[in-house]
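**Student:** any chance you could fold what I've pasted below:
(3 chains, ligands or ions: 3)
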Amino acid sequence: MKLPAVSKTKTGYSTDSYALEQIRAFHPVVDMILEHRFIAKMLSTYINVIPDLVDDSSRLHCKFDLRSTATGRFASHEPNLQNIPMKNPRSREIRKAFRAPDGKRILSADYSQIELRLAAHLSGDETFLQAFRKGEDIHSRTASELFAGDSDTIGITQRNLAKTVNFGVLYGMSPFKLSKDLNIGLAEAKNFIESYFGRFSKIKNWQEKLVDKALIEGEVRTFTGRRRLIRGLDSRNFNEREKAKRKVFNTPVQGGAADIIKIAMIKVDQALENLPVSLVLQIHDELLFEVEEKEVEKTSEIVKNAMENAVELDVPLTVSVSWGESWFETH
DNA sequence: TGTTACAGCGCG
DNA sequence: AAAGCGCGCTGTAACA
Ligand SMILES: Nc1ccn([C@H]2C[C@H](O)[C@@H](COP(=O)(O)OP(=O)(O)OP(=O)(O)O)O2)c(=O)n1
Ligand SMILES: [Mg+2]
Ligand SMILES: [Mg+2]
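**Tutor:** Numbers count the residues shown, from 1 in each chain, chains lettered A, B, ... in the order given. Ligands and ions are numbered 1, 2, ... in the order given. This is a model prediction of the structure:
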């Protein structure tokens, strides 16, 4: 349609939502395509599919693959119940369909800033460690810094963007992508990254040491000894080499967080032995339970305690618990 | 009818 | 998307 080209893929012009956002002012069809894409995604992935998978007892069972991921996380499939809509208020409505039976509640327990805490622990960065000892919420803090000026408009959407920024920068995001994500200039994005690693000054050095070690050993490990083989660190291709480096310093953190919740699952299971509670889902750093309504408060305490004390780090682990009649009410 | 590559997008 | 990482699912196009 001769609209401006935002970027290219290997087969043509890119039409992903970022590209369309950039050209929406040039033609009314662009917004219509975005809306169509959104509805099509919801229908084809969730709304038209999931009801047919519910069994005779109104239960929906996914499968969990415990040994397919590179980092030690679980993977869920048929259907994937680890990617049910959450971030967009319109699509989040889907969670109202995931209900506890009469007399029971859905209870969710999610680690706070889990990979940031683990990164603080593993790197030993004093500023980072102190922030968590003081009970700071770094995602919220980043949100306020990003939206300095309009402090009333900082809600969950802004915190989610800040979350992407915090993990993006930690795991090697380029100033280019950061500037696009935040709609800011390249220079400002560079500044943000510099001040991030300036503030948490031991992080960079810790990451470099991990890469040096991985180059020698050909692998990287989480704190439990879980190993991931890393290829490409000695590649002559810059992109391939840099990609391998990012895997090296992501894996101990993402994989370590996976180790933590696995330990927590064992402890939770033991602690709940005599209560009418079933663990129904794991979503990377979150556990979802079905609980007799009467026992919700007691379960909340036990679960929170077991998860927060799964392992002992140089920072506290904090877990947010919430519950309701459906999955929508949690968080 | 089934497989693969691709682009795209949902979640953590 | 041009240096965030980790997943699974979808529709389309091309091909067997
Ligand atoms: N864009 C994202 C979102 C999440 N994660 C990883 C790091 C998070 O620590 C972990 C769990 O995701 P959460 O959404 O639970 O985020 P946090 O635990 O960091 O924050 P919260 O306090 O909101 O739970 O998944 C990531 O790498 N990139
Ligand atoms: Mg969390
Ligand atoms: Mg979570």
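**Student:** only C-alpha atoms from now on, for both contacts and neighbour counts.
**Tutor:** OK.
**Student:** for burial, what's the neighbour tally of residue A:21?
**Tutor:** By other CA atoms under 10 Å, the residues close to residue A:21 number 14.
**Student:** tell me where chain A has strands.
**Tutor:** With strands called from DSSP state E, chain A shows them at A:63-65, A:75-77, A:104-111, A:219-221, A:227-229, A:277-282, A:286-292, A:319-324.
**Student:** so which of those gets nearest DNA strand C?
**Tutor:** strand A:75-77 (3.5 Å; CA to the nearest atom of the strand).
**Student:** how far is that closest one from where the chain is centred?
**Tutor:** Relative to the chain's own centre, strand A:75-77 is displaced by 15 Å; criterion: CA atoms, centre = their mean, to the nearest Å.
**Student:** what residues does the stretch 51-200 of chain A put near DNA strand B?
**Tutor:** Contact residues (CA under 7 Å from any atom of the strand) of the stretch 51-200 of chain A with DNA strand B: A:82, A:83, A:84, A:85, A:86, A:87, A:88, A:91, A:92.
**Student:** now do the domain split for chain A, please.
**Tutor:** Domain assignment of chain A by automatic domain parsing yields the ranges A:1-48, A:56-124+A:252-331, A:125-251.
**Student:** so can I have CSV of those domains showing distance to ligand 1 and mean pLDDT?
**Tutor:** Formatted as CSV, these follow (distance: least, CA to the nearest ligand atom, whole Å; pLDDT from 0 to 100):
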stretch, distance to ligand 1, mean pLDDT
domain A:1-48, 16, 96
domain A:56-124+A:252-331, 3, 98
domain A:125-251, 4, 96
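**Student:** closest one of the residues of the stretch 51-200 of chain A next to DNA strand B to residue A:164?
**Tutor:** Of all these, residue A:164 sits closest to residue A:87, with 12.2 Å by CA to CA.
**Student:** can you give me the neighbour number for the closest one?
**Tutor:** For residue A:87, the neighbour count with other CA under 10 Å is 11.
**Student:** do the same with the one 3 residues further on
**Tutor:** Burial measure for residue A:90: 9 neighbouring residues, criterion other CA under 10 Å.
**Student:** show me what contacts it?
**Tutor:** Shown in contact with residue A:90 (CA atoms under 8 Å, 6 or more residues apart in numbering): no residues.
**Student:** next up, the contacts around residue A:153.
**Tutor:** If you count contacts by CA under 8 Å, 6+ apart, residue A:153 has none.
**Student:** any chance you could map the helices in the stretch 51-200 of chain A?
**Tutor:** For the stretch 51-200 of chain A, the helices defined by DSSP state H, counting those that start in this stretch cover A:89-92, A:114-123, A:126-133, A:138-146, A:156-170, A:175-182, A:186-199.
**Student:** before we move on, back to that, check the domains of chain A for me and report the most buried one.
**Tutor:** domain A:56-124+A:252-331 (a mean of 18; mean count of other CA atoms under 10 Å).
**Student:** quote the end-to-end distance of it.
**Tutor:** With CA to CA, to the nearest Å as the measure, the ends of domain A:56-124+A:252-331 fall 29 Å from one another.
**Student:** and it, does that touch ligand 2?
**Tutor:** Yes: contact of domain A:56-124+A:252-331 with ligand 2 (CA under 5 Å from the ion) involves A:110, A:111, A:112.
**Student:** how close does residue A:318 get to DNA strand B?
**Tutor:** According to CA to the nearest atom of the strand, to the nearest Å, residue A:318 stands 14 Å off from DNA strand B.
**Student:** pretty sure that residue contacts residue A:111?
**Tutor:** Yes: contact criterion CA atoms under 8 Å: residue A:318 and residue A:111 qualify, at 5.9 Å.
**Student:** in JSON lines: the strands of chain A, plus distance to residue A:204.
**Tutor:** Compiled in JSON lines, those are given as follows (distance: least, CA to CA, whole Å):
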{"stretch": "strand A:63-65", "distance to residue A:204": "33"}
{"stretch": "strand A:75-77", "distance to residue A:204": "30"}
{"stretch": "strand A:104-111", "distance to residue A:204": "25"}
{"stretch": "strand A:219-221", "distance to residue A:204": "17"}
{"stretch": "strand A:227-229", "distance to residue A:204": "21"}
{"stretch": "strand A:277-282", "distance to residue A:204": "31"}
{"stretch": "strand A:286-292", "distance to residue A:204": "28"}
{"stretch": "strand A:319-324", "distance to residue A:204": "28"}
